[in-house]
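**Student:** this one's sequence-less:
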């Protein structure tokens with residue numbers, strides 16, 4: 001039994017909540033996932049999961065094993081990174097897709113550093129806010145901001161995107177400032193087509209709070225909503241990384257700081273976990289390090 005693979009399977013089962021979803025995530029058959037779990041429990045001589053027809057739950061031994069598995073797999077990833085960094089030559093082209101705002105606020109810095117460090121590499125960027133079929137579009141990596149990944153994709157969460165409620169001084173002079181989250185119902189809220197079109201979710205002073213919103217402008221690209229917000233057409237939710245400089249310059253005003261909008265996950269998505277190349281892995285490491293250094297992600 002490959003014990004590292006068995007530990008990865010075990011961790012994925014816990015993260016996904018079922019053997020079937022873990023099999024899809026790992027691009028394995030359900031029978032193979034079951035076999036890895038059974039062999040791991042046999043080797044450990046202890047049951048790791050309580051399994052019923054409806055749910056899985058960790059045993060006490062399973063909780064201890066999960067913690068150690070995370071540590072071991074983390075060390076393995078670190079060793080992979082050292083191996084890649086010391087490779088004599090890293091070359092080839094990466095095709096990456098991401099949203100316009102993510103490219104501007106994060107990805108271009110990473111791409112610039114990456115191709116400077118590895119001059120025999122090239123990066124081709126497809127800018128779109130739509131979800132792209134990676135295989136059909138010949139995409140190596142997709143960087144996505146979402147809490148609703150499509151089923152069966154292989155993804156790694158690498159950070160989170162925080163948002164800010166904001167408006168231009170011109171709008172607030174005409175309509176006044178909202179005093180709490182619920183008062184947004186009486187304002188022109190500019191919505192993003194892919195989420196939050198009819199309601200915004202906050203973590204407020206009294207806990208989670210969902211606010212129904214409406215407005216006369218919506219778009220599938222966040223830059224369009226930002227442009228409309230800057231022109232005083234309404235209130236919008238914008239990524240912190242994008243609007244912080246505009247708030248500091250006075251072009252936008254942050255609203256309702258006590259009500260924190262729901263954060264979104266930042267994911268690297270790729271077609272097949274088993275076929276990740278050294279070039280892809282090195283780029284992901286670059287991206288993760290940039291996110292760690294940034295106060296916005």
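**Tutor:** That came through fine. Note that this is a predicted model, so its numbers are computed, not measured.

**Student:** Run the chain-centre distance for stretch 187-206.
**Tutor:** 19 Å (Cα atoms, centre = their mean, to the nearest Å).

**Student:** buried ones in stretch 151-164?
**Tutor:** For stretch 151-164, a neighbour-count test (16 or more other Cβ atoms under 10 Å) marks 153, 154, 155, 158, 159, 161, 162, 163, 164 as buried. Just so you know, the C-beta spots here come from the backbone N, C-alpha and C atoms, and that holds for glycine as well.

**Student:** Report the two of these separated the most.
**Tutor:** Within the buried residues of stretch 151-164, 154 and 164 form the most distant pair, 31.0 Å apart (Cβ to Cβ).

**Student:** now, which of the buried residues of stretch 151-164 lie within strands?
**Tutor:** 154, 155, 158, 159, 161, 163, 164 (DSSP state E).

**Student:** Could you export those to JSON lines, including columns for distance to residue 226?
**Tutor:** Formatted as JSON lines, those follow (distance: Cβ to Cβ, whole Å):
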{"residue": "154", "distance to residue 226": "31"}
{"residue": "155", "distance to residue 226": "26"}
{"residue": "158", "distance to residue 226": "24"}
{"residue": "159", "distance to residue 226": "21"}
{"residue": "161", "distance to residue 226": "14"}
{"residue": "163", "distance to residue 226": "12"}
{"residue": "164", "distance to residue 226": "11"}
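
**Student:** Could you pull up the contacting residues of the nearest residue to residue 26 once chain neighbours are set aside?
**Tutor:** Using Cβ to Cβ, 6 or more residues apart in numbering and skipping the chain neighbours, the partner closest in space to residue 26 is residue 12 (5.7 Å). Residues near residue 12 by Cβ atoms under 8 Å, 6 or more residues apart in numbering: 22, 25, 26.

**Student:** what does residue 11 give?
**Tutor:** By Cβ under 8 Å, 6+ apart, the contact list for residue 11 reads 66, 69, 70, 73.

**Student:** go on, residue 142?
**Tutor:** Taking Cβ under 8 Å, 6+ apart, we find residue 142 in contact with 96, 97, 98, 131, 132, 134, 268, 269, 270.

**Student:** Show me which positions of the helix or strand containing residue 124 end up buried.
**Tutor:** Taking DSSP states H and E as the definition, one finds residue 124 inside strand 121-127. By 16+ other Cβ under 10 Å, the buried positions in strand 121-127 come out as 121, 123.

**Student:** Stretch 282-297 now?
**Tutor:** 282, 283, 284, 285, 286, 287, 288, 290, 291, 297.

**Student:** mind pulling up the phi and psi values for the second one?
**Tutor:** Geometry field for residue 283 lists phi and psi as phi -70, psi -40, criterion degrees, to the nearest 10.

**Student:** That one and residue 115 touch, don't they?
**Tutor:** No - assessed by Cβ atoms under 8 Å, residue 283 is found out of contact with residue 115, at 9.9 Å.

**Student:** Overlap of the contact sets of these two?
**Tutor:** residue 123.

**Student:** quick revisit: redo the buried residues of stretch 282-297 as CSV? Include pLDDT and secondary structure.
**Tutor:** What follows is the buried residues of stretch 282-297, written out as CSV (pLDDT from 0 to 100; DSSP: H, G, I helix; E, B strand; the rest coil):
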residue, pLDDT, secondary structure
282, 91, helix
283, 94, helix
284, 92, helix
285, 91, helix
286, 90, helix
287, 93, helix
288, 91, helix
290, 85, helix
291, 86, helix
297, 70, coil
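
**Student:** For residue 173, state which of the residues you listed is nearest.
**Tutor:** residue 297 (32.7 Å).

**Student:** Surely that closest one touches residue 291?
**Tutor:** Yes - with contact defined as Cβ under 8 Å, residue 297 and residue 291 form a contacting pair (4.5 Å).

**Student:** who touches both of those two?
**Tutor:** Shared contacts of residue 297 and residue 291, counting by Cβ under 8 Å, 6+ apart, come down to 106, 159, 266.
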